[in-house]
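Trainee: Below are the sequence and a predicted model; questions follow.
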Amino acid sequence: MVSLRILMFYWAWACLLCFLLGPPAAFCQQKSTYREGELLVKFKPRVSLKASSAAHARVGSRVNKCFTKTGVHLVKLKAGLTTTKAVDLYKANPDVAYAEPNYKRRPLDLFPNDLDFSELWGLHNTGQMGGTPDADIDAPEAWQVTTGSNGVIVALIDSGVDYDHEDLSDNMWTNDAEVNGSPGVDDDGNGYVDDVHGIDAYSDDTDPMEEDNHGTHCAGTIGAVGNNGIGVVGVAWNVKIMALRFLGISGGWTSDAIDCLEYAIMMKEDFGHNVRVVNASFGGADYSQAEYEAILAAAYADILFVASAGNDSQDNDVHPCYPSGYDLPNIISVAATDRHDSLLYFNDPLFTGSNWGETTVDVTAPGQAILSCKRGNWYGYMSGTSMAASYVSGLAALILAANPAYSWDQVNFNILFTVDPLASLDGLVLTGGRINANTALTCTPDQLHLYLLKPSSGFSVPKGKPAVVKVLAGTCAGPAADASVTVDFDNGDPSMVLHDDGIDPDLVAGDGQYAGSWTPQVAGPVTITATTSAPPAYEDVSRDLVGEVASGPVIEKFRGLKEPGTILRIIGQNFGDNQGDSVLHINRMTFDSTSNRIKTWTDTKIRIRLPFVNKACEWFIHGKGTCRKRKVWVTVGGGDSSIKTLRVKKPVTLCP
């Protein structure tokens, strides 16, 4: 938290630096600055070396450098001769084409004068706080394109916002009908009385004032006012933030979250407020169909839904976190990176680190020690995927400011297909990268991109059972017109064409997600090759996915134990054609680096009864003892089913 004394100290230094160095923002229209005592001079064609040397001698200058490609001379003036006087002297010579000062050039990055901008490493990482330079979203470069627009509204579903905060008040959305109406009256007829800045579903009123700090902090990262000389700056300097509160200090309810989302949709569709982005920096492990459908309704209302992936340091492909984990096309799920461009991790019992997921988490953004607003005109640091999601929402607002006609899917593609790919994130998130605001705002849609969404990497699907194949294909400006997607299998299964028509298994027509149903016919290893084509404008793009078609049981999800006595959940299918007993062997194994062999620790046999024929089954096993992270093999046999041994893809925590 930044104290008033520290702020006053920063202010004094900022005033002194502004006096000594001039304004910090690098606008091209700033007053000219040049280097006194130097000139750039070019002579007309066919002027001889002798003539040019004589011209320099008459002025009393000497040539420091000659630029061979242009023929321009960099000259050093004699002592006492001002630059302006020397320009006049050279221009009076008929042999001179031009003479001009040696102007100062600033990087075309727009640096705001907000006092604590230098601490915002996620926007511009110079190595401060021990970070890696340029492990950021390149915000100053992006701000040369746009700093945002007050015509774009981001609905922040959170713990409320301190809408009176000095760095937020000018960027808060205001319902003019209520401001200009009568107190205690529903002036716009939307069913809410005095909803000036949004609503508070948590307290069932229309005052979303922050009582915690979480929402205000997220709001500051999205859109704290830029270049106002105080505090911090958001990704979008200019934006409108609609405050929708549903969280208290101890959390909130899904129904209230849906209430907030429906308010945002209503205000857009029925009252003309341009809500284009929802920021959802919250989550839980429980799937809610109602929440799912509310988010799908937002897609049909042309609203992008940005959600944090969670802070459990776990794989969301295996342990879903909602709402980020819903299989909906308008959701961007966001993991957090540290100031070195690695997935955020803390050895802390309250916050272990960012979640990940090769198919369920889309991108990453900065999330470590992010400085932003706190209620009461204070500032402070927070870490986590909530902060990372706020970066993405701010970027979405910038994209919409630069491209007001973009639909949610175009914004989505613009963000996903312009990340900085990083080896540290490969295999952890769908794009394998961290967002880059400058690349997003300056991209040229001259090539196709393709991501495989389903099945996941290293998949195992049962023979004869339908499985969904889904891809995301398009350009950085959105789905490509007339694009087609085909899928080939190297195991002899027939090729198939995926469709983006809104017919099951595809969800929304024209959103760039192509899907189809594949019924594997041949057991064994298989490589899926997806290819997208849109001739003649683009070259084809292909991606491969390696997995297997299993003739026996298939383990789809394996949820490890977090502590002794908790529940291990295994979800699988195709475990035989009978309803008799089957035996589940769980072998906890680890790799012995000395002998280069896998070493077995224990072998637990649990007798279970299959409740359904050829359907997914869940077994619950109570662990005891000390929990350790182990590589796991699962052997299933008994009854009429064939014995099948499967290796779980990633190590999980088990209790012997």
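Mentor: Looks like it arrived, so ask away. Numbering: from 1, shown residues only.

Trainee: From here on, just use CA atoms for contacts and neighbour counts.
Mentor: OK.

Trainee: quick one: low-confidence ranges for the protein?
Mentor: The model of the chain has pLDDT under 70 over residues 1-33, 104-112, 347-351, 552-656.

Trainee: in the stretch 151-300 of the chain, which spans are strands?
Mentor: Using DSSP state E, counting those that start in this stretch, the strands of the stretch 151-300 of the chain run over 198-200, 238-245, 247-248, 251-252, 275-280.

Trainee: what about Phe537, neighbour count?
Mentor: Careful, residue 537 is Ala and not Phe. A count of nearby residues for Ala537, using other C-alpha atoms under 10 Å, gives 12.

Trainee: which ones are touching it?
Mentor: Contacts for Ala537 (C-alpha atoms under 8 Å, 6 or more residues apart in numbering) come out as Asp446.

Trainee: Of the strands of the stretch 151-300 of the chain, which stretch is the most buried?
Mentor: Highest mean neighbour count among these (mean count of other C-alpha atoms under 10 Å): strand 238-245, with a mean of 31.

Trainee: List the contacts of stretch 69-88.
Mentor: 36-43, 59-67, 99-101.

Trainee: In the strand or helix carrying Thr529, which residues are buried?
Mentor: For Thr529, the enclosing helix or strand under DSSP states H and E is strand 524-533. Residues of strand 524-533 classed as buried: 526, 528-533 (neighbour count, 16 or more other C-alpha atoms under 10 Å).

Trainee: any chance of the residues you listed in CSV, with distance to Asp327 too?
Mentor: Listed next are the buried residues of strand 524-533 as CSV, based on distance: C-alpha to C-alpha, whole Å:
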residue, distance to Asp327
Val526, 24
Ile528, 21
Thr529, 22
Ala530, 20
Thr531, 22
Thr532, 21
Ser533, 24
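
Trainee: Can you tell me which of those is nearest Val239?
Mentor: Thr532 (36.0 Å; C-alpha to C-alpha).

Trainee: roughly how far apart are the closest residue to the closest one other than its chain neighbours and Lys470?
Mentor: Nearest residue to Thr532, sequence neighbours excluded (C-alpha to C-alpha, 6 or more residues apart in numbering): Val485, at 4.4 Å. According to C-alpha to C-alpha, to the nearest Å, Val485 stands 10 Å off from Lys470.

Trainee: residues bridging contact with those two, i.e. touching both?
Mentor: 498, 514.

Trainee: Could you save the strands of the stretch 151-300 of the chain as JSON lines and add columns showing distance to Glu211?
Mentor: Listed next are these as JSON lines, based on distance: least, C-alpha to C-alpha, whole Å:
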{"stretch": "strand 198-200", "distance to Glu211": "11"}
{"stretch": "strand 238-245", "distance to Glu211": "10"}
{"stretch": "strand 247-248", "distance to Glu211": "8"}
{"stretch": "strand 251-252", "distance to Glu211": "12"}
{"stretch": "strand 275-280", "distance to Glu211": "18"}
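
Trainee: Contacts only, for Asp136.
Mentor: Contact partners of Asp136, counting by C-alpha under 8 Å, 6+ apart, are 121-125, 339, 341, 366, 436.

Trainee: how about the strands of the stretch 301-450 of the chain, start to end?
Mentor: 304-308, 331-337, 363-366, 370-374, 378-382, 420-421, 433-434, 449-454.

Trainee: Mean neighbour count, the ones you listed: which tops it?
Mentor: Scoring those by mean neighbour count under mean count of other C-alpha under 10 Å gives strand 363-366 as the most buried, with a mean of 34.

Trainee: Point out the other elements, helices or strands, that that strand touches.
Mentor: Using 3 or more C-alpha pairs under 8 Å, 6 or more residues apart in numbering; DSSP states H and E as the contact criterion, the elements in contact with strand 363-366 are strand 331-337, helix 385-402, strand 433-434.
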